[in-house]
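>>> Okay, structure incoming, though there's no sequence with it:
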């Protein structure tokens, strides 16, 4: 248990250190206009092509009055090999979502997911925007997902209350576009479930997520991300936090972006799609056969 | 009887082919009605600015290439499905236009040419795209 916590803690510390220290080491290659007269600060171009990267939110918010439709599909895990065509014939999960940018820095969204008939409401707000002059080196974003489990009342037993269905995921995202090719972000989060159907689960979980993009052609990028639930005994309701057994969600894939679409084709370890569900319940181990194929498609409309 | 069926099939095929070819024929675009303020519009960046081959190139590839082609010849993969010709940015006619006229056509748009003001929101980035298209001159 201690070893796992120490490993995740060390990884998180290294990622935070890298993200912040490189701000002073790597010169940003964003170019500036060569006007003589003083001009107002220009926001940096978005760090990521889409507001979505695998199961994670990015700091990117589309311009105001833009509607984004999202389709997320997760096949089953590959551990049964060819018998279910590496998870393609296995039970899958899917989410349909709609996001709308009310302002250039404020987005709201709704979605529905197959597993647990989960409904979600999302809010994303850019608190601080990275500038091209580097006077503000990071974009800082607040992200909230409210989940409503749509399962039958009986799931929670005789003491059922509507509030049992509710779960909350709160995250602060620090992202930086280092240059036209490389963008990184790191995002600590807090997950809370009002109720579980078993007593051996915690209601609260702190996690840290990291994601990156390396653009290798005009429209294609290699993308990676990891969500690491932290086993912190002091906030656990269990006598031994290591029994909770929730595994990191690690994803690596390919992103293709066009003027109106972003496509993600990847392998990852979580199938739940909604971030709080991945953080709390993912038991697939990326390094022990728990990988699956995932697909995301986004489509933008401007009004 | 068999001969009649064969003739009917051939006739049907010929009609279908003709209709398909006619529907695929692209019209040249009507002349643009560009407001005066755009005709005299001045760029916010200078010709030769480093952003032209950075942001200009990247944004052109993301937003324009699918229809207009990598070199602006109007031969992108989506061009064939357009009713209107997507034009040739390397041509003398296109390059003879004022910067502001290219700006208007590129970002305000009309008909099949969508508005890109919401997709490329920064003024300097828009001019970087205009100058990137200027570099496509033969």
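Sure, I can see it. Because the structure is a prediction, the values reported are computed rather than measured.

>>> where in the chain is pLDDT low?
This is for chain A. A:1-39, A:244 (pLDDT under 70).

>>> other chain: chain B
Scanning chain B for pLDDT under 70 picks out the ranges B:1, B:17-25.

>>> redo that, cut-off 80
B:1-4, B:13-29, B:138 (pLDDT under 80).

>>> That one against chain A: which residues are in contact?
B:44-46, B:49-51, B:54-55, B:57-58, B:61-63, B:65-66, B:115-116, B:118-119, B:121-122, B:124-125 (Cβ under 8 Å from any Cβ of the partner chain). For glycine as for every other residue, the C-beta is placed from the backbone atoms N, C-alpha and C.

>>> Just say helix, strand or coil for the residue of the stretch 101-250 of chain A found nearest chain B.
Ranked by Cβ to the nearest Cβ, the top residue of the stretch 101-250 of chain A for proximity to chain B is residue A:218, at 3.5 Å. Of the three states, residue A:218 takes coil under DSSP: H, G, I helix; E, B strand; the rest coil.

>>> which parts of the helix or strand containing residue A:145 are buried?
Using DSSP states H and E, residue A:145 sits in strand A:139-148. The neighbour-count check on strand A:139-148 (16 or more other Cβ atoms under 10 Å in any protein chain shown) flags A:139, A:140, A:141, A:143, A:145, A:147 as buried.

>>> again, but for stretch A:109-124
In stretch A:109-124, residues buried by neighbour count (16+ other Cβ under 10 Å) are A:109, A:111, A:113, A:115, A:116, A:118, A:119, A:120, A:122, A:124.

>>> need these in CSV with secondary structure, can you?
Listed next are those as CSV, based on three-state DSSP:
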residue, secondary structure
A:109, strand
A:111, strand
A:113, strand
A:115, helix
A:116, helix
A:118, coil
A:119, strand
A:120, strand
A:122, strand
A:124, strand
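
>>> need the helices for chain B, in chain order.
With DSSP state H applied, chain B shows helices at B:2-24, B:36-39, B:55-63, B:65-68, B:92-95, B:99-103, B:123-134, listed in chain order.

>>> I'd like to know which elements the fourth one is packed against.
In this structure, helix B:65-68 makes packing contacts with no helix or strand, judged by 3 or more Cβ pairs under 8 Å, 6 or more residues apart in numbering or on different chains; DSSP states H and E.

>>> Let me see the residues that make contact with it.
Contacting residues not belonging to helix B:65-68 are listed as A:218, A:258, A:259, B:74, B:76, B:77, B:78, B:79, B:82, B:86, B:87, B:89 [Cβ atoms under 8 Å, 6 or more residues apart in numbering or on different chains].

>>> Only the buried members of those: can you turn that into a PyMOL selection?
With 16+ other Cβ under 10 Å as the criterion, this PyMOL line picks the buried residues out of those:
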select buried, (chain A and resi 258+259) or (chain B and resi 74+76+79+82+86+87+89)
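
>>> Next, the contact list for residue B:47, please.
Per Cβ under 8 Å, 6+ apart, neighbours of residue B:47: B:131, B:134.

>>> cool, and residue A:243?
residue A:200.

>>> Tell me if it really is in a helix.
Yes: Residue A:243 sits within a helix when classified using three-state DSSP.

>>> what's the neighbour count on residue 44?
If you meant another chain, say so; for now it's chain A. The number of residues packed near residue A:44 is 24, by other Cβ atoms under 10 Å in any protein chain shown.

>>> hmm, I had chain B in mind actually
17.

>>> swap in residue B:42?
Residues near residue B:42, counting by other Cβ under 10 Å: 8.

>>> which residues sit against stretch B:114-128?
So stretch B:114-128 is contacted by A:33, A:42-43, A:45, A:63, A:65-66, A:104, A:259, A:302, B:43-45, B:49, B:51-52, B:54-56, B:59, B:63, B:99, B:103, B:106-109, B:129 (Cβ under 8 Å, 6+ apart).

>>> Show me what counts as buried in that stretch.
For stretch B:114-128, by 16+ other Cβ under 10 Å, it's B:114, B:116, B:118, B:119, B:120, B:122, B:123, B:124, B:125, B:126, B:127, B:128.

>>> center of the chain, which residue is that?
Unless you meant another one, I'm taking chain A. Ranked by distance to the mean C-alpha position of chain A (Cα atoms, centre = their mean), the top residue is residue A:56 at 1.2 Å.

>>> switch to chain B, that's the one I care about
residue B:86 (3.5 Å).

>>> distance of it from chain A?
14 Å (Cβ to the nearest Cβ, to the nearest Å).

>>> Report the contact partners of the residue nearest to that residue when sequence neighbours are not counted.
Nearest in space to residue B:86, with sequence neighbours left out and distances taken as Cβ to Cβ, 6 or more residues apart in numbering or on different chains, is residue B:74 at 4.1 Å. Residues near residue B:74 by Cβ under 8 Å, 6+ apart: B:67, B:68, B:85, B:86, B:87, B:88, B:89.
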